[in-house]
Each structure stands twice: as structure tokens, then as C-alpha cells.
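Q: Below: sequence and its predicted model.
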Amino acid sequence: MPSDQGGGEELPRYRSVADDLRSQILEGRWSAGDALPKQHQLQRRYGVGRGTIQSAQQMLREEGLLEAGAPGRAARVANRTTNLQPLAHHITRAFAARHVTLDVWSLTTEQLSKAVQNQAEAIMEGRRRPPESITVRVLLPDLVTSHPYPRHVDDPADPRPLQRLRHVIRTYAGALEHSLTLLAERGLVEHVSVAIRGLPTIPGEKRYLINGTEMLTGYYWLERGQMQNNPDGASLDVLELRSGDLFASSLAAESASALERARFEQVRRWFESRWDQVALPLTLADQG
């Protein structure tokens, strides 16, 4: 086994350890609630230090594959049948399919971009088999409408909160597009299509339609907070959108009811109608 002291371009050891453990979990070697081998056993197995094992396990916790850590307790496999899994967990599973499709409606693509980037890097580094095709369509708030949120609590006309939102949208949507088009440019995935369009509205919820069979739904609420890192160094008291857990439903499950199927179809029609009739291509280059 390679040691922790990898050189230059070598893959960080904690990530290769995480990849191996992830594969074993998804293949069913350990069931929900089962304890993984103790850290010192994993250290010997992989020939790495304790910190590497801890980093690998933390990565799997963030993907929802391991339960939250507890002092003195061995890492345990999470119950993956639960609704409340982080987005990275669902994207990891989605990329195991031969044909990956993602239709998304959200405020930004920050979490999605990071999750997809992890999968793209795994493909480029040969750590996971590439799908045959990837098709991604994303709906975001457009970059020209004066959206009501986020806004400065004391001065709703202050343009800085909205300018920052536009910057975040451009940054992460651009990163998402780059991660996927790079797979096509390197010839690793035969067909890659990424399209990002804007709507003249702010979402009240976020939706992810995954591989035609899974739907994730999360909700936004308004909350006061501080906006930092403005160009002028100011800290603003803002009213902004926050979100929490994602609730999952699947058409692939044998228990999927007629009501669930009808709900899925209506969300699909909601997305298609806005994509075809209202949304316009988003210009990701920052106009300053």
C-alpha cells in the first residue's frame, strides 16, 4: 500500500481510502448500523496514519454514508433508506448509473457544484467508472431581475446583496459547467450536455430530479444574517434565503404509490414548462 507521503500529483491517501470504503458500503459489505473496523485496523490495512483514516471517514459522513461521529465509538454505516441525506450522497449514487440526468431548480448551485466536482475528479483520476452520458439542466434566478431577496434590512434599495448573489450564482454555475465539460474534452464521457438557464423569480423551494426516478425537495426560508466580504469591506445586516434538509422520494422503489408518481410527474411538467417557455440562457461571464 502507498504511504501517506505521496508526492506531487499523487492522489491524497484519505481520498483513495474513502473511495475503497465507499465501494464496500455501496456493494453491501456492511449494512446500516454496522461498525466499520476500528481505526487501528484500518491503519494497518491501508498502511496510513490515523489522521488519514479520520479524514476518509469524515468525507463519508459528509456524503451521508456514515453516521455522525461520537467520541469512543467506531464509525458506523448510516441508514441510507432515510429521507434526510446530504446532496453529495445522492449525487454519488447518481453517478453510478450508465446515463446520468439532473434537472435542478435552486437558488445557487453551490452544493451541487461541489458534489459534481468530486465525481468528475474521481472519474478523471480513474477511481470510478465514467457513465456513458451526462445531461444536466439547471434553472436559477436570472441575473437581471431585481429579486426581492437578499436585501439590506435597513436599505432595501442597496444593490450590494443582490450583486453578491449574482456573483455566487456565476461562480458555482461556472464551476459546475467546467467540471462536466472537462470530462468531454478529455474523452472520458462520450456525451456531456450542460445547460443553465435563468428565471425572473426567486425559488421558494429547491428541486432535484435525478436519473428520471429520484426527486429531492428542500425548502427556503427567510433569515436575518450578516453579509461579509463586500468589495468595500462593509458588513451588512441582510434578509436572505436559507435552506435545510432534502426530502427524497423515488419511483424506483416498489412501494412508490400512485400519489407519489403523480407528484413526480407534476414536478417534471413544472420544470419542462418553465425550461421551454420562460427560462433564458444564463450568461456566466461576470459583467463587472
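A: Looks like it came in fine.

Q: Just say helix, strand or coil for residue 189.
A: coil (DSSP: H, G, I helix; E, B strand; the rest coil).

Q: Now do the contacts for it.
A: Listed by C-beta atoms under 8 Å, 6 or more residues apart in numbering, the contact partners of residue 189 are 123, 130, 131, 132, 133, 134, 183. Where you see a C-beta, it was placed from the backbone N, CA and C, and this is true even at glycine.

Q: So the third one, which state does it fall into?
A: Pointing back at residue 131 there. Following three-state DSSP, we place residue 131 in the coil state.

Q: what's the nearest residue to it if we skip its chain neighbours?
A: Of all residues not flanking residue 131 in the chain, residue 100 sits nearest, at 4.8 Å (C-beta to C-beta, 6 or more residues apart in numbering).

Q: Identify the bridge partners of that neighbour.
A: Using DSSP bridges, the bridge partners assigned to residue 100 are residue 134.

Q: how about stretch 268-285: buried residues?
A: 271, 275, 279, 282, 284 (16 or more other C-beta atoms under 10 Å).

Q: out of these, who's nearest residue 67?
A: Here the nearest of the buried residues of stretch 268-285 to residue 67, counting by C-beta to C-beta, is residue 271; it sits at 33.3 Å.

Q: How about the secondary structure of the closest one?
A: helix.

Q: Pull stretch 153-170 out as PDB, backbone CA atoms only.
A: This file holds the C-alpha atoms of stretch 153-170, laid out as PDB (Å, rounded to 0.1, in the frame of the first residue of the first chain):
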ATOM      1  CA  VAL A 153     -32.600  45.200   6.100                       C
ATOM      2  CA  ASP A 154     -32.200  49.000   6.600                       C
ATOM      3  CA  ASP A 155     -31.900  50.000   2.900                       C
ATOM      4  CA  PRO A 156     -33.900  47.700   0.500                       C
ATOM      5  CA  ALA A 157     -32.600  49.700  -2.400                       C
ATOM      6  CA  ASP A 158     -28.900  48.800  -1.600                       C
ATOM      7  CA  PRO A 159     -27.700  46.800  -4.700                       C
ATOM      8  CA  ARG A 160     -24.800  45.000  -2.900                       C
ATOM      9  CA  PRO A 161     -26.700  42.000  -1.500                       C
ATOM     10  CA  LEU A 162     -28.200  41.200  -5.000                       C
ATOM     11  CA  GLN A 163     -24.800  41.800  -6.600                       C
ATOM     12  CA  ARG A 164     -23.300  39.300  -4.300                       C
ATOM     13  CA  LEU A 165     -26.000  36.700  -5.100                       C
ATOM     14  CA  ARG A 166     -25.300  37.200  -8.800                       C
ATOM     15  CA  HIS A 167     -21.600  36.600  -8.200                       C
ATOM     16  CA  VAL A 168     -22.200  33.400  -6.300                       C
ATOM     17  CA  ILE A 169     -24.600  32.200  -9.000                       C
ATOM     18  CA  ARG A 170     -22.000  32.800 -11.700                       C
END
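
Q: Tell me where the stretch 101-250 of the chain has helices.
A: 110-124, 160-185 (DSSP state H, counting those that start in this stretch).

Q: can you list contacts of the first one?
A: Same thing as helix 110-124. Contacts of helix 110-124 (C-beta under 8 Å, 6+ apart): 19, 86-88, 91-92, 95, 102, 104, 106, 128-130, 136, 138, 168, 172-173, 175-176, 179-180, 182-183, 186, 188-189, 208.

Q: of the residues you listed, buried ones?
A: 19, 86-88, 91-92, 95, 102, 104, 106, 128, 130, 136, 138, 172-173, 175-176, 179-180, 182-183, 189, 208.

Q: Does residue 158 touch residue 164 like I think?
A: No: with contact defined as C-beta atoms under 8 Å, residue 158 does not reach residue 164; the gap is 10.8 Å.

Q: The two: which is more packed in?
A: Using other C-beta atoms under 10 Å as the criterion, residue 158 and residue 164 rank with residue 164 on top: 19 against 15.

Q: ok, and the closest non-adjacent residue to that one?
A: Nearest non-adjacent residue to residue 164, counting by C-beta to C-beta, 6+ apart: residue 227, 6.3 Å away.

Q: correct me, but that neighbour touches residue 162?
A: No: in this structure residue 227 lies outside contact range of residue 162 using C-beta under 8 Å: 10.7 Å.

Q: Find residues that contact each of those two.
A: By the contact definition C-beta under 8 Å, 6+ apart, residue 227 and residue 162 are jointly contacted by residue 150.

Q: quick one, strands of the chain?
A: 99-105, 133-141, 151-152, 191-199, 205-210, 214-227, 236-243, 247-250, 280-281 (DSSP state E).
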